[in-house]
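In: this one's sequence-less:
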(Lines give C-alpha, C1' and ligand atoms only; values in the text may rest on other atoms or scores of the structure.)
Protein backbone atom coordinates (compact mmCIF):
# COMPACT_ATOMS: atom_id res chain seq x y z
CA UNK A 1 0.00 0.00 0.00
CA UNK A 2 1.16 3.52 -0.75
CA UNK A 3 0.09 7.12 -0.19
CA UNK A 4 1.58 10.19 -1.85
CA UNK A 5 0.89 13.91 -1.55
CA UNK A 6 1.28 16.54 -4.27
CA UNK A 7 0.08 20.00 -5.28
CA UNK A 8 -3.01 19.95 -7.53
CA UNK A 9 -3.50 23.70 -8.05
CA UNK A 10 -5.03 26.71 -6.34
CA UNK A 11 -8.62 27.43 -5.29
CA UNK A 12 -10.39 29.53 -2.65
CA UNK A 13 -7.21 31.64 -2.46
CA UNK A 14 -5.13 28.71 -1.25
CA UNK A 15 -3.10 25.75 -2.45
CA UNK A 16 -5.06 22.56 -3.16
CA UNK A 17 -3.23 19.35 -2.33
CA UNK A 18 -4.00 15.90 -3.70
CA UNK A 19 -3.52 12.56 -1.96
CA UNK A 20 -3.12 9.40 -4.01
CA UNK A 21 -3.89 6.09 -2.31
CA UNK A 22 -2.71 3.02 -4.20
CA UNK A 23 -2.24 -0.74 -4.13
CA UNK A 24 -1.10 -3.12 -6.86
CA UNK A 25 -4.35 -2.87 -8.90
CA UNK A 26 -6.06 0.33 -7.85
CA UNK A 27 -5.33 4.00 -7.20
CA UNK A 28 -7.55 6.81 -5.95
CA UNK A 29 -6.70 10.51 -6.06
CA UNK A 30 -8.43 12.69 -3.47
CA UNK A 31 -8.21 16.49 -3.65
CA UNK A 32 -8.90 18.99 -0.89
CA UNK A 33 -11.26 21.10 -3.02
CA UNK A 34 -14.67 19.60 -2.23
CA UNK A 35 -12.94 16.54 -0.66
CA UNK A 36 -13.34 15.02 -4.12
CA UNK A 37 -12.49 11.70 -5.69
CA UNK A 38 -10.62 13.30 -8.59
CA UNK A 39 -9.52 10.03 -10.21
CA UNK A 40 -10.06 6.31 -9.66
CA UNK A 41 -8.11 3.75 -11.68
CA UNK A 42 -8.79 0.03 -11.51
CA UNK A 43 -6.53 -2.22 -13.61
CA UNK A 44 -5.54 0.99 -15.43
CA UNK A 45 -9.16 1.72 -16.41
CA UNK A 46 -10.36 5.22 -15.43
CA UNK A 47 -13.78 4.51 -13.89
CA UNK A 48 -14.74 7.89 -12.36
CA UNK A 49 -15.34 11.06 -14.39
CA UNK A 50 -13.07 13.96 -13.54
CA UNK A 51 -10.82 16.70 -14.85
CA UNK A 52 -7.10 17.02 -15.51
CA UNK A 53 -6.68 20.32 -13.66
CA UNK A 54 -8.19 22.33 -10.83
CA UNK A 55 -9.73 24.66 -13.43
CA UNK A 56 -12.04 21.85 -14.55
CA UNK A 57 -13.36 21.43 -11.02
CA UNK A 58 -13.76 25.18 -10.53
CA UNK A 59 -15.97 25.28 -13.65
CA UNK A 60 -17.90 22.16 -12.62
CA UNK A 61 -21.55 22.61 -11.63
CA UNK A 62 -22.35 18.89 -11.38
CA UNK A 63 -20.51 18.01 -8.13
CA UNK A 64 -18.11 15.54 -9.79
CA UNK A 65 -16.48 13.35 -7.14
CA UNK A 66 -17.31 15.73 -4.31
CA UNK A 67 -18.69 15.42 -0.82
CA UNK A 68 -22.03 17.23 -0.86
CA UNK A 69 -23.76 18.69 2.16
CA UNK A 70 -24.86 19.93 4.61
CA UNK A 71 -27.91 18.39 2.97
CA UNK A 72 -27.49 16.23 -0.13
CA UNK A 73 -30.27 16.25 -2.74
CA UNK A 74 -33.34 18.51 -2.61
CA UNK A 75 -35.37 20.38 0.00
CA UNK A 76 -38.71 21.79 -1.14
CA UNK A 77 -38.63 25.61 -1.15
CA UNK A 78 -35.58 25.42 1.11
CA UNK A 79 -37.80 25.14 4.19
CA UNK A 80 -37.87 22.73 7.10
CA UNK A 81 -38.78 22.79 10.78
CA UNK A 82 -37.19 21.43 13.93
CA UNK A 83 -39.45 21.32 17.00
CA UNK A 84 -41.82 23.80 15.38
CA UNK A 85 -39.15 26.36 14.48
CA UNK A 86 -38.90 27.02 10.75
CA UNK A 87 -35.58 27.42 8.97
CA UNK A 88 -34.97 28.77 5.48
CA UNK A 89 -31.92 27.61 3.56
CA UNK A 90 -30.68 28.81 0.18
CA UNK A 91 -32.80 28.03 -2.87
CA UNK A 92 -30.00 27.55 -5.38
CA UNK A 93 -32.00 25.47 -7.88
CA UNK A 94 -34.09 27.77 -10.09
CA UNK A 95 -34.47 30.05 -7.08
CA UNK A 96 -37.16 27.73 -5.72
CA UNK A 97 -35.48 24.65 -4.24
CA UNK A 98 -32.44 23.75 -2.20
CA UNK A 99 -29.98 21.34 -3.84
CA UNK A 100 -26.80 19.69 -2.52
CA UNK A 101 -25.92 22.24 0.15
CA UNK A 102 -26.74 25.50 -1.58
CA UNK A 103 -24.89 28.06 -3.68
CA UNK A 104 -21.56 27.06 -2.18
CA UNK A 105 -22.03 23.83 -0.26
CA UNK A 106 -19.34 21.44 0.91
CA UNK A 107 -18.43 20.64 -2.71
CA UNK A 108 -17.11 24.18 -3.14
CA UNK A 109 -15.11 24.36 0.08
CA UNK A 110 -11.43 23.79 0.67
CA UNK A 111 -11.13 20.94 3.15
CA UNK A 112 -8.10 20.59 5.41
CA UNK A 113 -5.91 17.57 6.03
CA UNK A 114 -6.59 15.91 9.37
CA UNK A 115 -4.77 12.58 9.01
CA UNK A 116 -2.79 10.63 6.42
CA UNK A 117 -1.11 7.24 6.47
CA UNK A 118 -0.77 3.66 5.30
CA UNK A 119 0.23 0.20 6.44
CA UNK A 120 0.32 -3.27 4.87
CA UNK A 121 -3.46 -3.46 4.48
CA UNK A 122 -4.68 0.06 3.81
CA UNK A 123 -3.89 3.64 2.80
CA UNK A 124 -6.06 6.46 4.09
CA UNK A 125 -6.62 10.20 4.24
CA UNK A 126 -8.96 12.15 6.53
CA UNK A 127 -10.15 15.61 5.53
CA UNK A 128 -12.02 18.10 7.73
CA UNK A 129 -14.38 21.00 7.11
CA UNK A 130 -16.07 23.18 9.72
CA UNK A 131 -19.35 24.67 8.50
CA UNK A 132 -20.17 27.82 10.49
CA UNK A 133 -23.54 28.47 12.08
CA UNK A 134 -26.09 29.75 9.53
CA UNK A 135 -23.97 28.82 6.51
CA UNK A 136 -26.47 28.63 3.62
CA UNK A 137 -29.10 29.05 6.37
CA UNK A 138 -28.41 25.82 8.30
CA UNK A 139 -28.36 26.05 12.10
CA UNK A 140 -25.30 25.12 14.11
CA UNK A 141 -21.55 25.02 13.64
CA UNK A 142 -20.92 21.60 12.10
CA UNK A 143 -17.55 19.83 12.18
CA UNK A 144 -17.33 17.24 9.39
CA UNK A 145 -14.66 14.54 8.97
CA UNK A 146 -14.45 12.33 5.88
CA UNK A 147 -11.98 9.44 5.70
CA UNK A 148 -11.15 7.75 2.40
CA UNK A 149 -9.53 4.34 2.85
CA UNK A 150 -8.19 2.12 0.07
CA UNK A 151 -7.82 -1.49 1.19
CA UNK A 152 -5.76 -4.40 -0.03
CA UNK A 153 -9.07 -6.00 -1.09
CA UNK A 154 -9.65 -3.28 -3.75
CA UNK A 155 -12.24 -1.41 -1.71
CA UNK A 156 -12.66 2.34 -1.46
CA UNK A 157 -14.24 2.94 1.92
CA UNK A 158 -15.71 6.33 2.86
CA UNK A 159 -16.39 7.03 6.54
CA UNK A 160 -18.26 10.17 7.55
CA UNK A 161 -18.49 11.72 11.02
CA UNK A 162 -20.20 15.04 11.80
CA UNK A 163 -21.26 16.85 14.98
CA UNK A 164 -23.16 20.13 15.38
CA UNK A 165 -23.38 22.44 18.38
CA UNK A 166 -27.07 23.09 17.63
CA UNK A 167 -29.97 20.94 16.49
CA UNK A 168 -29.71 20.66 12.71
CA UNK A 169 -30.30 18.39 9.72
CA UNK A 170 -27.47 16.39 8.15
CA UNK A 171 -27.36 14.37 4.95
CA UNK A 172 -23.98 13.73 3.33
CA UNK A 173 -22.91 11.75 0.27
CA UNK A 174 -20.17 11.35 -2.29
CA UNK A 175 -21.18 12.44 -5.80
CA UNK A 176 -18.84 10.43 -8.03
CA UNK A 177 -19.99 9.58 -11.56
CA UNK A 178 -18.99 6.04 -12.56
CA UNK A 179 -18.30 4.41 -15.91
CA UNK A 180 -16.77 0.95 -15.52
CA UNK A 181 -16.06 0.77 -19.26
CA UNK A 182 -13.78 3.80 -18.90
CA UNK A 183 -14.51 7.51 -19.06
CA UNK A 184 -15.87 8.43 -22.50
CA UNK A 185 -18.05 5.36 -23.01
CA UNK A 186 -21.79 4.86 -22.39
CA UNK A 187 -23.31 3.38 -19.23
CA UNK A 188 -26.52 2.23 -20.92
CA UNK A 189 -25.05 -1.26 -21.42
CA UNK A 190 -23.92 -1.57 -17.79
CA UNK A 191 -25.68 -4.34 -15.89
CA UNK A 192 -27.15 -3.08 -12.64
CA UNK A 193 -28.68 -4.83 -9.64
CA UNK A 194 -30.35 -2.74 -6.94
CA UNK A 195 -31.18 -4.60 -3.74
CA UNK A 196 -34.11 -2.26 -3.15
CA UNK A 197 -37.80 -3.08 -3.27
CA UNK A 198 -39.08 0.51 -3.29
CA UNK A 199 -38.32 3.88 -4.86
CA UNK A 200 -39.43 7.47 -4.22
CA UNK A 201 -41.75 9.01 -6.88
CA UNK A 202 -41.16 12.71 -7.60
CA UNK A 203 -43.02 15.65 -9.12
CA UNK A 204 -42.01 17.74 -12.15
CA UNK A 205 -39.34 19.50 -10.06
CA UNK A 206 -37.95 16.16 -8.80
CA UNK A 207 -39.33 16.80 -5.31
CA UNK A 208 -40.69 13.66 -3.60
CA UNK A 209 -44.45 13.37 -3.19
CA UNK A 210 -43.77 11.84 0.23
CA UNK A 211 -44.49 8.13 -0.19
CA UNK A 212 -42.75 4.87 -1.09
CA UNK A 213 -43.66 3.00 -4.29
CA UNK A 214 -43.01 -0.68 -4.99
CA UNK A 215 -40.65 -1.35 -7.90
CA UNK A 216 -42.57 -4.46 -9.01
CA UNK A 217 -43.80 -4.13 -12.58
CA UNK A 218 -42.09 -0.78 -13.15
CA UNK A 219 -38.92 0.40 -14.95
CA UNK A 220 -37.46 0.82 -11.45
CA UNK A 221 -37.23 -2.91 -10.79
CA UNK A 222 -33.51 -3.72 -10.78
CA UNK A 223 -33.76 -6.53 -8.24
CA UNK A 224 -32.60 -8.85 -11.02
CA UNK A 225 -29.67 -7.52 -13.01
CA UNK A 226 -30.60 -5.65 -16.18
CA UNK A 227 -28.98 -3.13 -18.51
CA UNK A 228 -29.40 0.46 -17.30
CA UNK A 229 -30.62 1.44 -20.75
CA UNK A 230 -33.27 -1.28 -21.11
CA UNK A 231 -36.14 0.81 -19.69
CA UNK A 232 -34.60 4.27 -19.68
CA UNK A 233 -36.96 5.44 -22.44
CA UNK A 234 -40.03 3.61 -21.11
CA UNK A 235 -43.49 5.12 -21.43
CA UNK A 236 -43.59 5.88 -17.71
CA UNK A 237 -44.42 9.25 -16.20
CA UNK A 238 -41.58 9.04 -13.68
CA UNK A 239 -39.01 8.22 -16.37
CA UNK A 240 -40.31 11.04 -18.56
CA UNK A 241 -40.28 13.49 -15.66
CA UNK A 242 -36.57 12.94 -14.98
CA UNK A 243 -35.48 12.33 -18.57
CA UNK A 244 -34.23 8.94 -17.41
CA UNK A 245 -33.40 7.88 -13.86
CA UNK A 246 -32.93 10.50 -11.14
CA UNK A 247 -34.62 8.77 -8.23
CA UNK A 248 -33.92 7.48 -4.76
CA UNK A 249 -34.18 3.69 -4.31
CA UNK A 250 -34.72 2.37 -0.78
CA UNK A 251 -34.53 -0.79 1.27
CA UNK A 252 -36.36 -1.24 4.58
CA UNK A 253 -38.19 2.06 3.98
CA UNK A 254 -34.96 4.03 4.09
CA UNK A 255 -33.86 2.99 7.56
CA UNK A 256 -30.13 3.11 8.31
CA UNK A 257 -28.06 0.11 9.34
CA UNK A 258 -25.37 -0.28 11.99
CA UNK A 259 -22.91 -1.78 9.51
CA UNK A 260 -22.58 -1.56 5.69
CA UNK A 261 -24.80 -3.93 3.68
CA UNK A 262 -24.86 -4.59 -0.05
CA UNK A 263 -27.25 -2.19 -1.78
CA UNK A 264 -26.18 -2.31 -5.46
CA UNK A 265 -23.95 -4.15 -7.94
CA UNK A 266 -22.94 -2.75 -11.31
CA UNK A 267 -20.73 -4.25 -14.04
CA UNK A 268 -19.42 -3.37 -17.49
CA UNK A 269 -19.71 -5.86 -20.38
CA UNK A 270 -16.74 -4.11 -22.03
CA UNK A 271 -14.13 -4.44 -19.27
CA UNK A 272 -15.78 -7.09 -17.03
CA UNK A 273 -15.18 -4.78 -14.08
CA UNK A 274 -17.78 -5.16 -11.32
CA UNK A 275 -18.42 -2.75 -8.46
CA UNK A 276 -20.38 -3.68 -5.34
CA UNK A 277 -21.76 -0.85 -3.22
CA UNK A 278 -22.23 -1.45 0.50
CA UNK A 279 -23.60 1.22 2.82
CA UNK A 280 -25.15 1.93 6.18
CA UNK A 281 -27.63 4.23 4.40
CA UNK A 282 -31.15 3.10 3.56
CA UNK A 283 -31.32 5.04 0.31
CA UNK A 284 -29.32 5.31 -2.89
CA UNK A 285 -29.92 8.00 -5.51
CA UNK A 286 -29.42 6.85 -9.09
CA UNK A 287 -28.76 9.57 -11.69
CA UNK A 288 -27.97 8.46 -15.23
CA UNK A 289 -26.32 11.64 -16.50
CA UNK A 290 -29.50 12.75 -18.27
CA UNK A 291 -28.17 16.30 -18.66
CA UNK A 292 -24.44 15.62 -18.88
CA UNK A 293 -23.74 18.09 -21.67
CA UNK A 294 -21.56 20.76 -20.02
CA UNK A 295 -18.82 22.40 -22.08
CA UNK A 296 -16.17 21.21 -19.64
CA UNK A 297 -14.25 18.20 -21.02
CA UNK A 298 -13.21 15.30 -18.82
CA UNK A 299 -9.73 13.77 -18.77
CA UNK A 300 -7.70 14.10 -22.01
CA UNK A 301 -10.24 16.53 -23.51
CA UNK A 302 -13.05 13.93 -23.54
CA UNK A 303 -16.35 15.77 -24.18
CA UNK A 304 -19.29 15.33 -21.81
CA UNK A 305 -22.25 13.44 -23.25
CA UNK A 306 -25.66 12.26 -22.04
CA UNK A 307 -25.63 8.86 -20.27
CA UNK A 308 -21.85 8.85 -20.14
CA UNK A 309 -21.80 8.03 -16.43
CA UNK A 310 -24.05 7.07 -13.55
CA UNK A 311 -24.05 8.57 -10.06
CA UNK A 312 -25.00 6.15 -7.28
CA UNK A 313 -25.22 8.31 -4.16
CA UNK A 314 -25.76 6.65 -0.80
CA UNK A 315 -27.74 9.05 1.37
CA UNK A 316 -31.01 9.84 3.13
CA UNK A 317 -34.27 10.22 1.23
CA UNK A 318 -34.57 13.61 -0.53
CA UNK A 319 -36.66 16.28 1.23
CA UNK A 320 -36.95 13.99 4.24
CA UNK A 321 -37.39 16.85 6.77
CA UNK A 322 -40.74 17.65 5.14
CA UNK A 323 -42.26 14.17 5.03
CA UNK A 324 -43.33 12.24 8.12
CA UNK A 325 -43.15 8.91 6.26
CA UNK A 326 -39.39 9.25 5.71
CA UNK A 327 -36.76 8.54 8.39
CA UNK A 328 -35.63 11.64 10.24
CA UNK A 329 -32.36 13.38 9.40
CA UNK A 330 -32.51 15.69 12.45
CA UNK A 331 -29.45 15.53 14.69
CA UNK A 332 -29.48 17.08 18.14
CA UNK A 333 -26.68 19.27 19.45
CA UNK A 334 -23.71 17.03 20.23
CA UNK A 335 -25.26 13.96 18.56
CA UNK A 336 -22.87 12.21 16.20
CA UNK A 337 -23.79 11.63 12.56
CA UNK A 338 -22.00 8.64 11.03
CA UNK A 339 -22.11 6.93 7.67
CA UNK A 340 -20.00 4.31 5.92
CA UNK A 341 -20.11 3.51 2.22
CA UNK A 342 -17.85 1.03 0.43
CA UNK A 343 -17.15 0.68 -3.29
CA UNK A 344 -15.69 -2.80 -3.86
CA UNK A 345 -14.09 -3.58 -7.22
CA UNK A 346 -13.41 -6.96 -8.85
CA UNK A 347 -12.77 -8.50 -12.24
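Out: Looks like it came in fine. Bear in mind that the values here come from a model prediction, so they are computed numbers and not experimental data.
In: measure the residue lying closest to residue 43 once chain neighbours are set aside to residue 283 for me?
Out: Spatial nearest neighbour of residue 43, excluding adjacent residues (Cβ to Cβ, 6 or more residues apart in numbering): residue 25 at 5.8 Å. Where you see a C-beta, it was placed from the backbone N, CA and C, and this is true even at glycine. Distance of residue 25 to residue 283, given as Cβ to Cβ, to the nearest Å: 30 Å.
In: look at those two and report which has more neighbours.
Out: Between residue 25 and residue 283, residue 283 has the larger neighbour count (other Cβ atoms under 10 Å), namely 31 against 14.
In: what helix or strand is that one located in?
Out: strand 282-287 (DSSP states H and E).
In: residue 39 now?
Out: Residue 39 belongs to strand 36-42, assigned by DSSP H and E.
In: and that strand, which strands flank it?
Out: strand 26-31 (antiparallel), strand 45-46 (antiparallel) (DSSP bridges).
In: closest to residue 269 out of the ones you listed?
Out: Proximity to residue 269, assessed across the strands paired with strand 36-42 by Cβ to Cβ, is greatest for strand 45-46 (13.4 Å).
In: elements contacting the helix or strand just after that closest one?
Out: Toward the C-terminal end, the helix or strand that comes next after strand 45-46 (DSSP H and E) is helix 54-59. Contact analysis of helix 54-59 by 3 or more Cβ pairs under 8 Å, 6 or more residues apart in numbering; DSSP states H and E lists strand 2-11 as its packing neighbours.
In: run the angle between the next helix-or-strand element following the strand it packs on and strand 2-11 for me.
Out: Where DSSP H and E defines the elements, the next helix or strand beyond strand 2-11 is strand 14-22. Counting by axes from the mean of the first three to the mean of the last three Cα atoms, to 10 degrees, strand 14-22 lies at 160 degrees to strand 2-11.
In: so how far is strand 14-22 from its chain's centroid?
Out: With Cα atoms, centre = their mean, to the nearest Å as the basis, strand 14-22 stands 20 Å off its chain's centre.
In: ok, and what's touching that strand?
Out: Residues from elsewhere that reach strand 14-22 (Cβ atoms under 8 Å, 6 or more residues apart in numbering): 1-10, 27-33, 38, 54, 110, 113, 116, 118, 123-125, 148-150.
In: three-state assignment of the closest residue in space to residue 262 that isn't next to it in sequence?
Out: Sequence neighbours aside, residue 278 is the residue nearest to residue 262 in space, at 5.2 Å (criterion: Cβ to Cβ, 6+ apart). Under the three-state scheme (DSSP: H, G, I helix; E, B strand; the rest coil), residue 278 adopts strand.
In: give me the local confidence score for residue 278.
Out: Looking at residue 278, its pLDDT stands at 98.
In: just to check, it is in contact with residue 257?
Out: No - Residue 278 is not in contact with residue 257 according to Cβ atoms under 8 Å; the separation is 9.6 Å.
In: of these two, which one has the most company?
Out: Shown here are residue 278 and residue 257; by other Cβ under 10 Å, residue 278 has more neighbours (20 against 15).
In: residue contacts, the more buried one?
Out: Counted by Cβ under 8 Å, 6+ apart, residue 278 has contacts 260, 261, 262, 263, 341, 342, 344.
In: in strands, which of the residues you listed fall?
Out: Counting by DSSP state E, those place 261, 262, 263, 341, 342, 344 in strands.
In: report how many residues lie close to the fifth one.
Out: Same thing as residue 342. 21.
In: for it, what are its contacts?
Out: Contacts of residue 342 (Cβ under 8 Å, 6+ apart): 155, 156, 157, 158, 260, 276, 277, 278, 279.
In: ok, now the fourth one?
Out: Taking Cβ under 8 Å, 6+ apart, we find residue 341 in contact with 157, 158, 173, 174, 260, 277, 278, 279, 280, 281, 314.
In: go on, the first one?
Out: When contacts are counted by Cβ under 8 Å, 6+ apart, residue 261 touches 278, 279, 280.
In: okay, the residue of the chain most remote from its centre: pLDDT?
Out: Distance from the centre of the chain peaks at residue 84, with 30.0 Å (Cα atoms, centre = their mean). The model reports residue 84 with a pLDDT of 96.
In: list phi and psi for it.
Out: phi 90, psi -10 (degrees, to the nearest 10).
In: how about residue 241, secondary structure?
Out: Applying three-state DSSP to residue 241 yields a three-state assignment of helix.
In: for it, which non-adjacent residue is closest in space?
Out: In space, residue 241 comes closest to residue 204 once its chain neighbours are excluded; the distance is 5.9 Å by Cβ to Cβ, 6+ apart.
In: can you confirm the one you found is in a helix?
Out: No - under three-state DSSP, residue 204 sits outside any helix and is assigned coil.
In: okay, it: pLDDT?
Out: 95.
In: cool, residue 346 as well?
Out: Reported pLDDT for residue 346: 98.
In: neighbours of it, how many?
Out: 14.
In: can you give me the end-to-end span of stretch 281-296?
Out: Taking Cα to Cα, to the nearest Å as the measure, stretch 281-296 stretches 32 Å from start to finish.
In: likewise stretch 303-314?
Out: Length of stretch 303-314, first residue to last, Cα to Cα: 27 Å.
In: in that stretch, what's buried?
Out: 304, 307, 308, 309, 310, 311, 312, 313, 314 (16 or more other Cβ atoms under 10 Å).
In: now these as CSV including pLDDT, secondary structure and distance to residue 92?
Out: Shown next, in CSV, are the buried residues of stretch 303-314 (pLDDT from 0 to 100; DSSP: H, G, I helix; E, B strand; the rest coil; distance: Cβ to Cβ, whole Å):
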residue, pLDDT, secondary structure, distance to residue 92
304, 98, coil, 21
307, 98, coil, 25
308, 97, coil, 24
309, 98, coil, 22
310, 98, strand, 23
311, 98, strand, 18
312, 98, strand, 23
313, 98, strand, 18
314, 98, strand, 22
